[in-house]
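*Asks:* here is my input; please provide its structure:
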Amino acid sequence: MLRILGKIQRIGILTEAIPDSDEPALTEVGEQLRQHIGARFNGSLAIREVDAGSCNGCELEIQMLGNPYYSIERFGVHFVASPRFADMLLVTGPVSRHMEEALRRTYAATPEPRLVIAVGDCGACGGEFGTSYASCGAVANVIPVDAVIPGCPPTPLALMRGIIEAIRLR
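*Replies:* So this is what the prediction gives:
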């Protein structure tokens, strides 16, 4: 243990510098998000994320929304574990046949008025996987979709903009 601590002391801190951020754009989009959430959802938007068979690229970007850099919770967005408490479903990936019934049940368990966003190219049109014996393809082939956020995968800022658009359209 002392050897490791000695090595840490000799080498020092080797982390990279924080890259120049898109902070003005992030703050602007975040404030727009807060305004729309305040007007439509009384200040708090609860989101349930559903992976319907994706490669996890979109999930990684969605998880980035919760890190200290993006910190989407400061704008009134919260991720919930149960669809019964959700205002919005973020669905990623082409819907695999194994997830088809689970997605329908999740949609049915989400209270009205609910918003559904298909995230990524796979959620929008089936992407690389399309429709096959193992895949239903796009999310819209299984449940009604209110908005689509394109990209493979979409960036966290694009996700925030897509959520704003979905709220505006509804």
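
*Asks:* CA only for contacts and neighbour counts going forward, please
*Replies:* Fine.

*Asks:* in the lengthiest helix in the chain, which residues are buried?
*Replies:* Secondary structure of the chain read by DSSP state H shows that its longest helix is helix 23-41. For helix 23-41, burial by neighbour count (16 or more other Cα atoms under 10 Å) applies to 26, 29-30, 32-37.

*Asks:* distance from that helix to the middle of the chain?
*Replies:* 16 Å (Cα atoms, centre = their mean, to the nearest Å).

*Asks:* what packs against that helix?
*Replies:* Packing partners of helix 23-41 (3 or more Cα pairs under 8 Å, 6 or more residues apart in numbering; DSSP states H and E): helix 156-169.

*Asks:* tell me what the helix it packs on is packed against?
*Replies:* Using 3+ Cα pairs under 8 Å, 6+ apart, helix 156-169 is in contact with helix 23-41, helix 57-64, strand 115-119, strand 147-149.

*Asks:* please save the CA atoms from it in CSV.
*Replies:* C-alpha atoms of helix 156-169 as CSV (Å, rounded to 0.1, in the frame of the first residue of the first chain):
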residue,chain,number,x,y,z
PRO,A,156,-26.5,14.8,-25.4
LEU,A,157,-27.2,18.4,-26.7
ALA,A,158,-29.2,16.9,-29.6
LEU,A,159,-31.1,14.8,-27.0
MET,A,160,-32.0,17.9,-25.1
ARG,A,161,-33.1,19.7,-28.2
GLY,A,162,-35.2,16.7,-29.2
ILE,A,163,-36.9,16.7,-25.9
ILE,A,164,-37.7,20.4,-26.3
GLU,A,165,-39.2,19.8,-29.8
ALA,A,166,-41.3,16.9,-28.5
ILE,A,167,-42.7,19.1,-25.7
ARG,A,168,-43.3,21.9,-28.2
LEU,A,169,-45.2,19.7,-30.7
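
*Asks:* show me the contacts for the residue nearest the centre of the chain.
*Replies:* For the chain, the residue nearest the mean C-alpha position is Ile62 (3.6 Å; Cα atoms, centre = their mean). Going by Cα atoms under 8 Å, 6 or more residues apart in numbering, Ile62 touches 156, 159.
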